[in-house]
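Engineer: got a predicted model here, sequence first, then my questions.
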Amino acid sequence: MAMDLGDHNQEPIIIKKPKKGGGGHHGGAWKVAYADFVTAMMALFIVLWIMGQDSKVKEAVAGYFKDPLGYNIGQGQSFVDEEGKTSLAPKVLDEEAFRERERAKLEAMGQELSNHLKGSEKFDNLKESISIEIVEEGLKIEIMDSKDDVFFEIGTATLKKKPRELLLMIASELSKLNNKLIIEGHTDSRAYAGGNLGYTNYELSADRANSARRTLIEGGLNMEQIDEIRGYAANRLKVKEDSLNPANRRISIIVKYNENI
């Protein structure tokens, strides 16, 4: 029987059936729906969190949405003020609010020192020679000579017994802080016997400041807290109208504001 050899040269017939339905397990529609659901849940949780906060936090959140740029550069109010907690936006506590909190902390320390002095009979005769106040740089504690009490031996940087005990007490209180300190020495305008080219009131005031520094460290102050030692001689008189007034001979301890927010 004869065979038709041309059958082997015909191409096979391919039938294509179009798929019906949407995407199968490779489709992306469910991912979009899931992302929308997660976003909605996140928004719900944020709203619930805000509703449970006090009015201060709510005002801060509202302020952020009114001026997000201001918050990004750190000029908005912090959502959380307590220490040990973090705010929703980093470093949003503005400088003014931080300074107020620092001021309150230093005022409390000043009041604590004042109360300690009032309650101690040991320092009864020195109470009028101590000044505690808030100044531009921080909390200033000044220990001044008087007509009846002199803190250093005349013309030297040697502390007398009672002033030394006072500085030891002050050191125990200041060691509770992490603030930096400035220690200043001041004299009156009476010229030192050494003359202008020898040992002068500049050296004397600086030596007295360093003597106070050593006593504070002995009393428990961390050496790393000392930021500056200044010797002013008679250039920063306490009683300007009387340059020889005993109050001009003094040691100033300045507890500086912390600079890091």
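Structural biologist: Received it, and whenever you're ready, just let me know what you need.
Engineer: any idea which element I253 lies in?
Structural biologist: In this assignment (DSSP states H and E), I253 forms part of strand 250-256.
Engineer: using PDB, write out the CA atom coordinates for that strand.
Structural biologist: The C-alpha trace of strand 250-256 is given here as PDB (Å, rounded to 0.1, in the frame of the first residue of the first chain):
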ATOM      1  CA  ARG A 250      35.400  85.300  97.800                       C
ATOM      2  CA  ILE A 251      35.200  82.000  96.100                       C
ATOM      3  CA  SER A 252      32.400  81.500  93.500                       C
ATOM      4  CA  ILE A 253      31.200  78.000  92.500                       C
ATOM      5  CA  ILE A 254      29.000  78.100  89.400                       C
ATOM      6  CA  VAL A 255      27.000  75.000  88.600                       C
ATOM      7  CA  LYS A 256      26.500  75.300  84.800                       C
END
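Engineer: and stretch 219-239, average pLDDT?
Structural biologist: Mean per-residue pLDDT for stretch 219-239: 95.
Engineer: report the distance from stretch 116-127 to the chain centre.
Structural biologist: Stretch 116-127 sits 31 Å away from the centroid of its parent chain (CA atoms, centre = their mean, to the nearest Å).
Engineer: correct me if wrong: M169 contacts G219.
Structural biologist: Yes - the criterion here is CB atoms under 8 Å, and M169 meets it with G219 at 7.3 Å. For glycine as for every other residue, the C-beta is placed from the backbone atoms N, C-alpha and C.
Engineer: now do the strands in the chain.
Structural biologist: Per DSSP state E, the chain carries strands over the ranges 130-134, 138-144, 181-186, 226-231, 250-256.
Engineer: need those strands in TSV (columns: distance to V239 and mean neighbour count).
Structural biologist: Output for the strands of the chain, formatted as TSV (distance: least, CB to CB, whole Å; neighbours: other CB atoms under 10 Å):
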stretch	distance to V239	mean neighbour count
strand 130-134	12	15
strand 138-144	9	21
strand 181-186	11	23
strand 226-231	19	15
strand 250-256	10	23
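Engineer: E165 is nearest to which of the ones you listed?
Structural biologist: The closest of those to E165 is strand 138-144. By CB to CB, the value is 11.7 Å.
Engineer: note down every partner strand of that closest one and its orientation.
Structural biologist: Strand 138-144 has its sheet partners listed here by DSSP bridges as strand 130-134 (antiparallel), strand 250-256 (antiparallel).
Engineer: run through who's touching it.
Structural biologist: 102, 106-107, 109-110, 113, 126, 129-134, 151, 163, 166-167, 170, 179, 238, 246-257 (CB atoms under 8 Å, 6 or more residues apart in numbering).
Engineer: likewise for stretch 253-261?
Structural biologist: By CB under 8 Å, 6+ apart, stretch 253-261 touches 74, 91, 93, 95, 98-99, 102-103, 106, 109, 135, 137-143, 170, 174, 177-184, 212, 216, 227.
Engineer: give me the neighbour count for the nearest residue to E112 once chain neighbours are set aside.
Structural biologist: Closest residue in space to E112, ignoring its immediate chain neighbours: E173 at 6.5 Å, by CB to CB, 6 or more residues apart in numbering. A count of nearby residues for E173, using other CB atoms under 10 Å, gives 18.
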